[in-house]
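Trainee: Structure, please.
(chains A and B)
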Amino acid sequence: MKVEFFGYERPDGTVGVRNHVAIIPSVGCSNEVAHQISHLIRGTVALTHHQGCLTPPRDLDQVARVLIGLGKNPNVAASLIVGLGCESVDPDEIADEIAKSGKPVELVKIQEEGGSIKALAKGAEIAAKMALEASKVRRKKVDASSLIVSTKCGASDTTSGISSNIAVGQAADIVIKNGGTFILGEVCDIMGAENILAKRAVNENVREEVITMVKNLSDLGEALSVDVVGTQLTGGNRRGGLSTVVEKALGASVKGGTAPIQGVVEYGEKPPGRGLYLMSTPGHGFENLTGVAAAGSQLMLFTTGVGAPEGHPIMPTIKICGNRETCSRLMSHIDVDVSQIIEGTVAVEDAGKKLYEEVLSVASGKLTKAEILNFDETMEILVHGPIM
Amino acid sequence: MRRVVLVNRKDNVVTAVSDIQEGETIELEEASKRIVVKKVVPFGHKIAIEKIAKGRCVIKYGECIAKAKEDIEEGDWVHSSSTDPRGAPNNIEEVYVPPE
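Mentor: Presented below is the predicted three-dimensional model:
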């Protein structure tokens, strides 16, 4: 039986669950103009960040890769790049690469236009045309295999590892069974379970990549004299009942379900195929969400214990909570209450199916709480630094 | 109303989802048994559902999360005081943190 949702078909064969016109600053210096355009023109979102200059070449490449990936994300109908003129990241290159998707791309440079007001005027006119054209695109019935779903846990508590995260893992298995792709990240949370996860790698190369991904983080910690492992089990975690880092890491990794691991991708890199992939992302939300959005993830299953409110400008985040008390107080921020798993009135498999139904529903247009509250404007791009 | 959660059929511990009182009897549907809880176990903490001998694995999520530091009886509270992360196959903790 076909599993389908209603999405926006893009020229490159990808399918969006939203239809944004993205105003993309190539550098943090263009944020104000991007912001102002997004306020003038309906249907546009500003993807503001603080990078694009004065970082080592490795970071500039990463920032460029992410900006291109954001423009290529299927939820974006068209992109307007706003450059300054002297930044290290090349806005022309960003525009050219996004244009390969077949979607409309334009570029405005503040210094060339003669200042922010002139750049704002020109940019707003372009954005207005883009918004009009985007509004003509209709949702079509498409196969669920077009979905790249990501996941994250934020503000976790004791309920996360025994209810919401397990339910997400069930949903992950369904996403993959229906031909889709699922991305699990947060290397710091996987640390402790990497050997267990590595056993599910499809081949020896991938097995090594899983181990290396985690080793890189602990090596970095050692180089900076930061006890990464030590920070992973806090006093609060112990008081809450977690006894070892392995226990905590398993409770986090369970979000990825049980499918074989096809590969490990870099931050912001699109998975080369279908199935389960790991991505090297931090637990810190602003960079994490941007990394998977740049990889083409159309939506995210985001578990929370005590109530993490943030969303992302172009990627809807479905908030899932297994803590009954949090749900009763913060339901304005939560999309799916799975506390019945803990109460014993709902089996975790059924909660997983319910989450998958929510994925299809949000994919077809249902708004998430973060979108309704406009709690989805803050984002950031990960850099390694130093910032010079 | 459910008192404990068994995460995986291979597990030898369950996690309390209420504060469990001393002497309470817990029904384990999945294992078709009842256990008597020896001491108070707070929300989120683990209870052994069978004896775990010293040096054997505490199993949760179907994997070894720690080794028992001493014999743990069925119904005992299981946490840092009776377990050691070192020795568990996937352990990455170098330092044993004494319980608070």
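Trainee: so where's the chain shaky on pLDDT?
Mentor: As the question left the chain open, I've gone with chain A. A:230 (pLDDT under 70).
Trainee: Switch to chain B, please.
Mentor: Looking at chain B by pLDDT under 70, you get B:1, B:31, B:92-100.
Trainee: which strand of it spans the most residues?
Mentor: strand B:63-68 (DSSP state E).
Trainee: what's the first-to-last distance across stretch B:39-58?
Mentor: 19 Å (CA to CA, to the nearest Å).
Trainee: tell me which residues in it are buried?
Mentor: B:41, B:43-49, B:52, B:57-58 (16 or more other CB atoms under 10 Å in any protein chain shown). Where C-beta positions appear, they are placed from N, C-alpha and C, glycine not excepted.
Trainee: now do stretch A:241-248
Mentor: Buried residues in stretch A:241-248, defined by neighbour count with 16+ other CB under 10 Å: A:241-248.
Trainee: any chance of the buried residues of stretch B:39-58 in a markdown table, with secondary structure and distance to chain A too?
Mentor: Below are the buried residues of stretch B:39-58 laid out as a markdown table (DSSP: H, G, I helix; E, B strand; the rest coil; distance: CB to the nearest CB, whole Å):
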| residue | secondary structure | distance to chain A |
| --- | --- | --- |
| B:41 | strand | 9 |
| B:43 | coil | 7 |
| B:44 | coil | 3 |
| B:45 | coil | 4 |
| B:46 | strand | 7 |
| B:47 | strand | 10 |
| B:48 | strand | 12 |
| B:49 | coil | 15 |
| B:52 | strand | 13 |
| B:57 | strand | 11 |
| B:58 | strand | 8 |
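Trainee: what's the most distant pair in these?
Mentor: In the buried residues of stretch B:39-58, the most distant members under the criterion CB to CB are B:43 and B:57, with 24.2 Å between them.
Trainee: still on that earlier bit, take the buried residues of stretch B:39-58 and lay them out in a markdown table including distance to residue A:361.
Mentor: A markdown table is the format used below for the buried residues of stretch B:39-58 (distance: CB to CB, whole Å):
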| residue | distance to residue A:361 |
| --- | --- |
| B:41 | 38 |
| B:43 | 32 |
| B:44 | 31 |
| B:45 | 36 |
| B:46 | 36 |
| B:47 | 38 |
| B:48 | 41 |
| B:49 | 38 |
| B:52 | 44 |
| B:57 | 41 |
| B:58 | 39 |
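Trainee: Which of these sits closest to residue A:310?
Mentor: Nearest member of the buried residues of stretch B:39-58 to residue A:310, counting by CB to CB, is residue B:44, at 24.8 Å.
Trainee: The closest one and residue A:247, how far apart?
Mentor: Separation of residue B:44 from residue A:247 (CB to CB, to the nearest Å): 11 Å.
Trainee: go on, residue B:47?
Mentor: 14 Å.
Trainee: Nearest residue to the residue most central in space within chain A in space, please, no chain neighbours.
Mentor: In chain A, the centroid-proximal residue (CA atoms, centre = their mean) is residue A:289; its distance is 3.1 Å. Distances taken as CB to CB, 6 or more residues apart in numbering or on different chains put residue A:312 closest to residue A:289, at 4.2 Å, once the chain neighbours are dropped.
Trainee: Next, find the distance separating residue A:73 from residue A:229.
Mentor: Going from residue A:73 to residue A:229 by CB to CB gives 34 Å.
Trainee: I'd like to know which residues of chain A are adjacent to chain B.
Mentor: For chain A, the contact set with chain B under CB under 8 Å from any CB of the partner chain comprises A:157-159, A:162-163, A:166, A:191-196, A:218, A:229-230, A:233, A:235, A:238-247, A:250-251, A:254, A:341-344.
Trainee: re the thing from before, residue A:73 and residue A:229: which is more packed in?
Mentor: Taking other CB atoms under 10 Å in any protein chain shown, residue A:73 and residue A:229 do not tie; residue A:73 has more neighbours (29 against 18).
Trainee: if I pick the more buried one, what's in contact with it?
Mentor: Residue A:73 makes contact with A:16, A:293-294, A:296-298, A:314-315 under the criterion CB atoms under 8 Å, 6 or more residues apart in numbering or on different chains.
Trainee: Among the residues you listed, name the ones in strands.
Mentor: Of these, the ones assigned to strands by DSSP E are residue A:16.
Trainee: Residue A:99 reaches residue A:106, doesn't it?
Mentor: No. Judged on CB atoms under 8 Å, residue A:99 makes no contact with residue A:106 at a distance of 9.6 Å.
Trainee: So what does residue A:140 have for phi and psi?
Mentor: Per-residue torsions, residue A:140: phi -120, psi 160 (degrees, to the nearest 10).
Trainee: burial count for the residue of the stretch 51-200 of chain A found nearest chain B?
Mentor: When scored by CB to the nearest CB, the stretch 51-200 of chain A has residue A:158 as its residue closest to chain B, at 3.3 Å. When neighbours are defined as other CB under 10 Å, residue A:158 has 25 of them.
Trainee: do the same with the one 4 residues further on
Mentor: In terms of burial, residue A:162 registers 26 neighbours under the definition other CB under 10 Å.
Trainee: so it sits right up against residue B:7, yeah?
Mentor: Yes. Using CB under 8 Å, residue A:162 is in contact with residue B:7, at 5.9 Å.
Trainee: any shared contact partners between those two?
Mentor: With contacts taken as CB under 8 Å, 6+ apart, residue A:162 and residue B:7 have residue B:15 as neighbours in common.
Trainee: and residue A:54, what is it in contact with?
Mentor: Shown in contact with residue A:54 (CB under 8 Å, 6+ apart): A:88, A:387-388.
Trainee: Most neighbours among those residues, please name it.
Mentor: Highest neighbour count within the contacts of residue A:54: residue A:88, with 16 neighbours (other CB under 10 Å).
Trainee: Quick check: that one vs residue A:28, distance?
Mentor: Between residue A:88 and residue A:28 the computed distance is 12 Å (CB to CB).
Trainee: Likewise for residue A:184?
Mentor: Residue A:184 is 30 Å from residue A:28, by CB to CB.
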